[in-house]
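Novice: Take this sequence and fold it.
(3 chains)
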Amino acid sequence: MLQQTQVVTVVPYFERWLRELPGWRELARASEEQVLRLWEGLGYYHRARRLQLLAQTVMERFGGEIPSSREELEKLPGLGPYTAAAVAAIAFNQPELPIDGNIRRVLARFGADGAKASRAQDEHFRQLVAPELRAPDRPRQLVQALMELGALVCKPRQPECRACPLRQNCRALAQGHPERYPAKKVALAPRPLHISFCWAVNDDSCVLLRQRPEKGRFPGHFEPPLVEAPGARESQNLLAELLGSQPRTLAPFRRDFTTYRVTWHPHVLEFSGGPLDGYEWVFLELALKLNLVPVLARHLRELAASRRLQSR
DNA sequence: AAGTCGGGGGC
DNA sequence: GCCCCAGACTT
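Specialist: Predicted coordinates for the structure are as follows:
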């Protein structure tokens, strides 16, 4: 959950998750719906799938006990170089250094290392810290200390250098501009994207939905008829083409994801006849409980609350 | 090495 | 509006 997600955001999800799925066994046996529902709103939904895959692997191949070495951990689904090293160091006190955003920032400033993040830089950081990890019971302490230092003192903006235990030997501070490190990664230019979607309702208060594939964006989530295009008009034309008729247009809204600047164009349509190819009629009451694409779930809830789906 | 994949905190 | 967040995985 903590991969690319702030601690304050994760805490409520983590607590709810452990109440419903307290162990590997429960997670391994859980339904996809429950897993997705517990993850709803956290983003990066492939993490949820990999976490369940991890639970099943731990149960089937390791008898319910996660391995303790970084090498073994790194082979498991969802555990990359960072998480494998973090579990090895923090849970099992192995001499490993997980390099997250916090530790990268602390070490880049300490050595005034202006290079962009890379495998070579990671390796350099590990060699730098390795001697400090040798003492018994040290990895668990030092790793968490460096993370906390980065989160609370050596912050991205306005670092509190006066409170820093490393201030005597910090090269970035000596240069006078610690906030210049680490080097920023070149941001991908956000691209405009227009997504038109339609709540098609029939006389039985059903809406048209389909389930997205397990790969790609919003894996396994449900969605109404939906098309995307670089332009607004283009996306609306494609939607009408998909539906075979002209839906009523509602007010567009903005909600971005990853590197796209997305304008969402909602529509509604009184739709009689059989479902579109690949879609199903779902009772509105049930649809509101399904794992819809989160931004669309929000819109459907608001629409249902305003009762604009039934009226014409 | 660069793209993909969400959503929110905090300024 | 922007930067960043206890990154992993594919291409």
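Novice: From here on, just use CA atoms for contacts and neighbour counts.
Specialist: Will do.
Novice: got the residues of chain A near DNA strand C?
Specialist: Along chain A, the residues adjacent to DNA strand C under the rule C-alpha under 7 Å from any atom of the strand are A:2-7, A:44, A:50, A:76-84, A:100-102, A:105, A:144, A:147-148, A:151, A:156, A:184-185, A:187.
Novice: For DNA strand B, what's its nearest residue on the stretch 201-312 of chain A.
Specialist: A:R217 (3.3 Å; C-alpha to the nearest atom of the strand).
Novice: Quick one: residues contacting that residue.
Specialist: Shown in contact with A:R217 (C-alpha atoms under 8 Å, 6 or more residues apart in numbering): A:Y45.
Novice: Any chance of the backbone angles for it?
Specialist: A:R217 adopts backbone torsions of phi -70, psi 140, taken as degrees, to the nearest 10.
Novice: May I see the buried residues of the helix or strand where A:V295 lies?
Specialist: Using DSSP states H and E, the element containing A:V295 is helix A:294-305. Buried positions in helix A:294-305, judged by neighbour count with 16 or more other C-alpha atoms under 10 Å: A:294, A:296-297, A:300.
Novice: So which residues of chain A form strands?
Specialist: With DSSP state E as the criterion, chain A has strands at A:191-201, A:206-211, A:222-223, A:226-229, A:248-249, A:253-254, A:260-270, A:280-283.
Novice: So for A:W17, which of those strands sits nearest?
Specialist: strand A:222-223 (21.5 Å; C-alpha to C-alpha).
Novice: is DNA strand B contacted by that closest one?
Specialist: No: contact of strand A:222-223 with DNA strand B (C-alpha under 7 Å from any atom of the strand) is absent, the minimum separation being 12.2 Å.
Novice: Contacts for that strand next, please.
Specialist: Contacts of strand A:222-223 (C-alpha under 8 Å, 6+ apart): A:209-212, A:290-293, A:296.
Novice: so how far is A:A135 from the residue lying closest to A:Q121 once chain neighbours are set aside?
Specialist: Residue nearest to A:Q121 in three dimensions, not counting chain neighbours: A:A115, with 7.4 Å by C-alpha to C-alpha, 6 or more residues apart in numbering. Note on A:A115: its distance to A:A135, by C-alpha to C-alpha, to the nearest Å, is 30 Å.
Novice: which of these two has more neighbours?
Specialist: Taking neighbours as other C-alpha atoms under 10 Å, A:A115 and A:A135 compare with A:A115 leading, 14 against 9.
Novice: Could I get the pLDDT score of the more buried one?
Specialist: For A:A115, the model assigns a pLDDT of 91.
Novice: try A:S311
Specialist: Reported pLDDT for A:S311: 42.
Novice: What about the residue of the stretch 51-200 of chain A found nearest DNA strand B? Give its phi and psi, please.
Specialist: For the stretch 51-200 of chain A and DNA strand B, the shortest gap (C-alpha to the nearest atom of the strand) falls at A:S118, measuring 4.7 Å. Note on A:S118: its backbone torsions stand at phi -160, psi 170 [degrees, to the nearest 10].
Novice: Likewise for A:I99?
Specialist: phi -110, psi 100.
Novice: So it is in contact with A:H124, correct?
Specialist: No: counting by C-alpha atoms under 8 Å, A:I99 sits too far from A:H124 to count as a contact (11.2 Å).
Novice: returning to what we had before: which of the residues of chain A next to DNA strand C fall in helices?
Specialist: A:7, A:50, A:81-84, A:101-102, A:105, A:144, A:147-148 (DSSP state H).
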